[in-house]
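> give me a 3D structure for the following:
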Amino acid sequence: MSTKRFIVALTLCLSVVAMQAKSVVLQSPNGLLQVTVSTDNGLTWNVNHDKTVVLKPSAIALQTDLKTKKAKVGKVEEVDRTVASPFYRRSEVRDHYRQLVVTMGDVSIEFRAYDEGAAYRFVSNGKKSFNVIDEQSEFCFAGDYPAVIAYERYRHENQPFLYSFESYYTEHQLSEVKTDPSAITPAVVSLPDGKKAMIMESGVENYPGLWLTRGDKINSLKAVFPKAVLKEKVVGRNLIPTQRARQIAVNLSGRFAMPWRIIAVSADDKALLDCNLAWLLSPECRISDTTWIKAGKVAWDWWNNCNLKHVDFRSGMNTPTYKYFIDFASKYGLEYIIIDEGWSGTESLTKDLNPEIDVPALVKYGRERGVGLILWSTGRNCLIDMEKSFEYYEKLGVKGFKVDFFDRDDQQCVNDTWKIAECAARHHLVLDFHGYRAVGMNRAYPNVLNQEGVMGMENMKWEGRNDNGPVNDVPHYDVLIPYLRMQAGPMDYTPGAMLNATKSNYIGNNANPMSQGTRAHQVAMYVIFEAPLQMLSDSPSKYYDNPETTEYIAQIPTVFDETVALDGQLGAYVVVARRKGTTWYIGAMNNWTARDITLDLSALKVAGRTASVFADGINADRDATDYRLTTVTLPASYKIHLAPGGGWAAVIK
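Numbers count the residues shown, from 1 in each chain. Take a look at the predicted model:
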C-alpha cells in the first residue's frame, strides 16, 4: 500500500478568513464536483457537478450535549493513496479526495470531495462520553425529479424501523415520497442531463442506521433514525425493543466518528455500477492476518427444501442429506455447504441440537473432501455464550455462521453485529449476515463475507401472480439492485435456480421453487451480483441434471482483480465485466423487454481471444430454461441478444 498526502495551496487561508467568510468551496480532484459549505444561519452544504445542481443548500446539524463554539474552517487537505481490497470487486482501490474540516468546539464536521461524489460526517473531539438526541441531514434538490426508493415493507410488532431491509423499489417523483413508512438507503434521484445522485451512508458503528422520508422543504429528502433501545424481549426468532430512549445514540466515547452521509454523483447510469465510495468510507481493516479468510461458493439447502432424488435415504435435515451436499460441492469445487435452520435449538448454539444431524461427523467428512461447513443461527442465539460457542465451533472445524433475523439497525443492534463480527474474526469464522443491511462492516471485518438486505430469490418460493402475470416484477428489480443496493456492499441474493419461468408461466411454489427470467439471466448473476460468499441455491439433484450450467457457474470466482462497467440503463439492463488473473468474466441481464446490445470490448483488450458464451436460446421467450453454450472468437465490438427477462455471460480465457 502506498500513500501520498498533499496540502492544497489556496489563494486564501481558510482558517484565517473563516470569521469573515460566509462559505467556502471544496473541489474534487478533477475539479468537476464542488461542495460549498456555509456557516451562515447554521451549517449547510450544497453540491454541484460541473453545471448541474446536485444539492441545493441542505441543513446539517447534530443535537447533542456536547459543547459547541463558533465555526472555524480548517485548511483543505488532499489525499491520494492506493488501498488493498482483496475481498472486493477489485484487488486495490484508489482513494483520492480533498477534505475540509469545520470545527465547532467539541464537534467537528469532516467534508470530502471525490470525483465520484461528496460526503461528510460528525466527529466528537471531547474527552467525556456524550449522547446524540437527534441528527439533521437534508438532501434538497433543485426540481421535482424522479426517485428510486425502497420503503419499509412490513413491521415487527407494528413498530417502525423493525423489518428485514427487503423491499422492492418504488419509482416516483420526489414530491410523492412518503413520510410513513420510511425508506432505506441507497436511494437514487435522476438529475438533469442524464446524471444520477445516489444517497448512501457508510461506517455505521455504535450508531443507528439512516432512514429517509420526505423532507420539510420542497423537493427534499431528510434523515430519520430509530431511537436507542433500553429494553428488549424475545419474540419468535427476533429481539424486539420494548422501551426506547429519547436519544438516537447514547454513551458515545469522547473521541468518536459518526457515520458518513454520502451523495454519489454519476454522469450516466453506467457509472453508478462501479461506485467505490461506500467501501472507501468504511472503517479500515481491523484483522491483522486475513489469510485464513476464504471467499467462495456454497451449496445451500433451504431454498430447495433438501429435495433430492435417486438416493437411498429419506432426504431432509439429516446427516446423509448433508453428506450428499458435501459430495456435490466437492465434485464441482465449491468451497462450502450451509446447514440452515433446523440443526440447532432455539436458545443456544450448543444445546438442544438436532440428533439427526451429526455436525462433528459432517465437519470431518467435508474436511476430507475440501468442503467447509457453515451453520445457520439467529442473531440472538449468537449472542448467548458467544465466546464459548465460537471457540467450540472453531476447534470443531466449522468455518462460519449465517446469522439471521436481526431485522433492526438501532444502536443496540448495530453494536451486536460488530461484536459478533469481532468475536468471529478472533475465532477464524466467516459470516453471512441476514436481516441486516450493508453499512461498511465488510472492510473492517472482511470475514463478514456477505450480507442480505436485498429482496433475494428466496421470495420466489411464495411470490404470487394475477391475470397480468407475477405480482412483482423481479427481472426489473434484478436490473435495479446493481445500481443501488449493491453499491452499499455485497448482497446475498442467492441465485442459481434451474427451474426458470417466463412471465406467463411463473408461479410461486414453496416445495419446488422457480425463478422469473431465463436460465442465462440466472447465470449472469454470478458475474454481476457481488457476493464473496455466493450461493448455489437449488438442489444438487437439479444441478446434476444440468451439468453444463453447473460447470459454467462453478468456474466463476466470487472476488475479482478488476471491474469495468460496460453498459447499462437503470431498471432496463446491466452489463459488467470483471477480471480475475488473466481471465475476464462478463455478465448481462435485462428486464422483461427483449433487446439487442452492442458491447464495446475495447477497454478489456480481448479482441481475438476465445470466449465461452452462455446465452439465451432462440426459444427462451417461451421456455425460459432454453440456452445456448457456444465458443466464439471475440471482436472489439460484439452484438448480443437478450430475451425477455434474459441474460448473457462470457468467460474469456
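> which other helices and strands does the helix or strand where residue 575 lies contact?
With elements taken from DSSP states H and E, the one containing residue 575 is strand 573-580. Under the contact definition 3 or more CB pairs under 8 Å, 6 or more residues apart in numbering; DSSP states H and E, strand 573-580 sits against helix 519-528, strand 562-569, strand 583-590, strand 595-600. Every C-beta, even on glycine, is put in place using the N, C-alpha and C of the backbone.
> sheet-wise, list the partners of the last one with their directions.
In this case it means strand 595-600. Using DSSP bridges, the neighbouring strands of strand 595-600 in the sheet come out as strand 637-642 (antiparallel).
> okay, the angle between the strand it pairs with and strand 573-580?
In terms of direction (axes from the mean of the first three to the mean of the last three CA atoms, to 10 degrees), strand 637-642 departs from strand 573-580 by 120 degrees.
> buried sites along strand 637-642?
638, 640, 642 (16 or more other CB atoms under 10 Å).
> adding distance to residue 298 and pLDDT, write the residues you listed out as TSV.
Below are the buried residues of strand 637-642 laid out as TSV (distance: CB to CB, whole Å; pLDDT from 0 to 100):
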residue	distance to residue 298	pLDDT
638	32	97
640	29	98
642	28	98
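> verify the assumption that residue 622 is located in a helix.
No - using DSSP: H, G, I helix; E, B strand; the rest coil, the assignment for residue 622 is coil, not a helix.
> my guess is it meets residue 503, correct?
No - using CB atoms under 8 Å, residue 622 is not in contact with residue 503; the gap is 11.0 Å.
> need phi/psi at residue 120.
phi -150, psi 160 (degrees, to the nearest 10).
> average pLDDT for the strand holding residue 575, rounded please.
For strand 573-580, mean pLDDT is 98.
> before we move on, what about stretch 343-360?
For stretch 343-360, the mean confidence score works out to 93.
> same question for stretch 297-317.
98.
> with neighbour numbers in mind, choose between residue 622 and residue 503.
Taking neighbours as other CB atoms under 10 Å, residue 622 and residue 503 compare with residue 503 leading, 19 against 13.
> without its sequence neighbours, what residue ends up closest to the more buried one?
residue 469 (4.6 Å; CB to CB, 6 or more residues apart in numbering).
> my guess is the one you found meets residue 505, correct?
No - with contacts counted by CB under 8 Å, residue 469 stays clear of residue 505, the gap being 9.4 Å.
> sec struct for the closest residue in space to residue 28 that isn't next to it in sequence, please.
Counting by CB to CB, 6+ apart, residue 113 is the residue found nearest to residue 28 once chain neighbours are left out, at 4.3 Å. Using three-state DSSP as the criterion, the local structure at residue 113 reads strand.
> over to residue 416?
Residue 416 ends up helix, using three-state DSSP.
> on that earlier part again, with mean neighbour count added, can I get the helices and strands packed on strand 573-580 in a markdown table?
What follows is the helices and strands packed on strand 573-580, written out as a markdown table (neighbours: other CB atoms under 10 Å):
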| stretch | mean neighbour count |
| --- | --- |
| helix 519-528 | 28 |
| strand 562-569 | 18 |
| strand 583-590 | 26 |
| strand 595-600 | 14 |
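> okay if I get those as a markdown table plus distance to residue 133 and mean pLDDT?
A markdown table is the format used below for the helices and strands packed on strand 573-580 (distance: least, CB to CB, whole Å; pLDDT from 0 to 100):
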| stretch | distance to residue 133 | mean pLDDT |
| --- | --- | --- |
| helix 519-528 | 42 | 99 |
| strand 562-569 | 41 | 98 |
| strand 583-590 | 45 | 98 |
| strand 595-600 | 51 | 98 |
